[in-house]
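**Q** Would you be able to build a 3D model of this:
(one chain, ligands or ions: 1)
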Amino acid sequence: MLRIRAGRVHPVTAPSFEDGAVLVNGEGRIAAVGANADVPTPRAARVLHFPDAELLPGLVNCHTHLELTQLGGGAKYEEPEFVNWIRRVRTLKDATSADDFYEAALAGVRDCWARGVTCVAETGSTGAVMRALHDLGGRGIVYHETFGPDPAQCAESMRELEAAVLRLRRLATAQLSVGVSPHAPYSVSAPLYQASAAFARREGLPLAVHVAESQAETDLVRDGAGPFATLFGRRSIAVEARHCSPVAYLMQLGVLGRDTLCIHCVQVDDADVELLRAAGAAVAHCPLSNAAHRHGRAPFDRFRQAGVPVGLGTDSVISVGELDLWAEADAAGLRGDAARRALTIEGARALGWDREIGSLEVGKAGDLVVQAVRPSDRPTVLLTVVSGKIVHQISGQ
Ligand SMILES: [Zn+2]
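**A** Predicted coordinates for the structure are as follows:
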């Protein structure tokens, strides 16, 4: 049991208040939240007090590639042409060993915790982050990626995907799920989209797709043209103009549904927003990554006005450098309460986990952050808790 008292408490789904406390029971669930005087102090509880800090739900990062944490030295990799950047990432990944991916994943998960992030929606192809989250006791969804732009590769890609999912599922827990991610329209053929989405639904697994990210992707899907089409030509892969947007294309293929997280969604118009809403799909908004790659701005406010669940995501270190969700909220034009809500309950909703996490409410999982806030400064995370277990703590507290 864990009892945390703080100078200020932000339940997020209820008004904030001064001098409050949260009690997390032995099952790792919130047993009480309220004014300090109203929250019991069972004898068995470990008691912590942070008079000058604030307590809030753990943050939800709706898009990460933590297995890439150390890729290229763990620094941002600048490359003006997105197509070249994608190819460079593939080369770096090919040169990385399984052990190095695992070490990167461990470092990535710990970095998230040090930043107050208690849940990640990870997309990756190595399974390293699933193992890291399992071994460290983290929370998240790990969407296993499948690739294959050539329709002739579909059966082989599906064999690999099904085998990988079977392996990773053994590591799943109440706080750690496996999903499926047909990577992107420039790396996945139409038959592979259909087969992987059908597989995910058959197995009851959530889906994540990178979609409508770059102009080059739109050129490929709509017109069968542009730099990705040139690459296809070099590999003798047939290119087909779909005469529609990337979102409409995935809709036609039956990929988008209530279980689908659509990452980026920059190249979208009002008709696409309506398609996403009608499908019940959610969006992972990554403003800093989109800006770094010069993709443009996603219509964040339009998504929210339309009732499309939107969470904020950082994308990978090689896109943005630091994985700083508060900076993402800033870039999305959110401050104060609006930023806190977007990074907690709204992120949880985008992942379909809002009944479990995202706010300080009795019965929800004890995923919490205590942070010191100084004006005009990033918060300093003093304590991070996942399901009642302390996973990060600044010593001396
Ligand atoms: Zn990504």
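
**Q** Sketch out the low-pLDDT regions of this structure for me.
**A** 72-75, 376, 396-397 (pLDDT under 70).

**Q** Any idea how far the helix or strand encompassing residue 142 is from the middle of the chain?
**A** For residue 142, the host element (DSSP states H and E) is strand 139-146. Distance, stretch centre to chain centre, for strand 139-146: 9 Å (CA atoms, centre = their mean, to the nearest Å).

**Q** packing partners for it?
**A** Contacts defined by 3 or more CB pairs under 8 Å, 6 or more residues apart in numbering; DSSP states H and E place strand 139-146 against strand 117-124, helix 128-136, helix 154-169, strand 176-182, strand 207-211. For every residue, glycine as well, the C-beta is placed using N, CA and C.

**Q** buried ones in the shortest one?
**A** Using 16 or more other CB atoms under 10 Å as the burial criterion, the residues of strand 207-211 that qualify are 207, 208, 209, 210, 211.

**Q** quick one: which of the residues you listed is nearest residue 3?
**A** Residue 3 lies nearest to residue 208 out of the buried residues of strand 207-211, by CB to CB, at 36.4 Å.

**Q** Bridged to that closest one, which residues?
**A** Beta bridges link residue 208 to residue 261, judged by DSSP bridges.

**Q** in the stretch 201-350 of the chain, which spans are strands?
**A** 207-211, 260-264, 282-285, 310-312 (DSSP state E, counting those that start in this stretch).

**Q** Longest strand in this protein, please.
**A** Of all the elements of type strand in the chain, the one with the most residues (DSSP state E) is strand 46-57.

**Q** State the three-state secondary structure for the residue of the chain most remote from its centre.
**A** Note on the chain: the largest C-alpha distance from the chain mean falls to residue 43, namely 37.7 Å (CA atoms, centre = their mean). For residue 43, the secondary-structure state derived from DSSP: H, G, I helix; E, B strand; the rest coil is coil.

**Q** Distance of it relative to residue 3?
**A** From residue 43 across to residue 3, the span is 11 Å (CB to CB, to the nearest Å).

**Q** what comes up buried for stretch 201-221?
**A** 205-214, 216-221.

**Q** Identify all contacting residues around stretch 91-104.
**A** 66-72, 74, 125-126, 128, 131-132, 318 (CB atoms under 8 Å, 6 or more residues apart in numbering).

**Q** which among these end up buried?
**A** For those, a neighbour count by 16+ other CB under 10 Å gives the buried set as 66-72, 125-126, 128, 131-132, 318.
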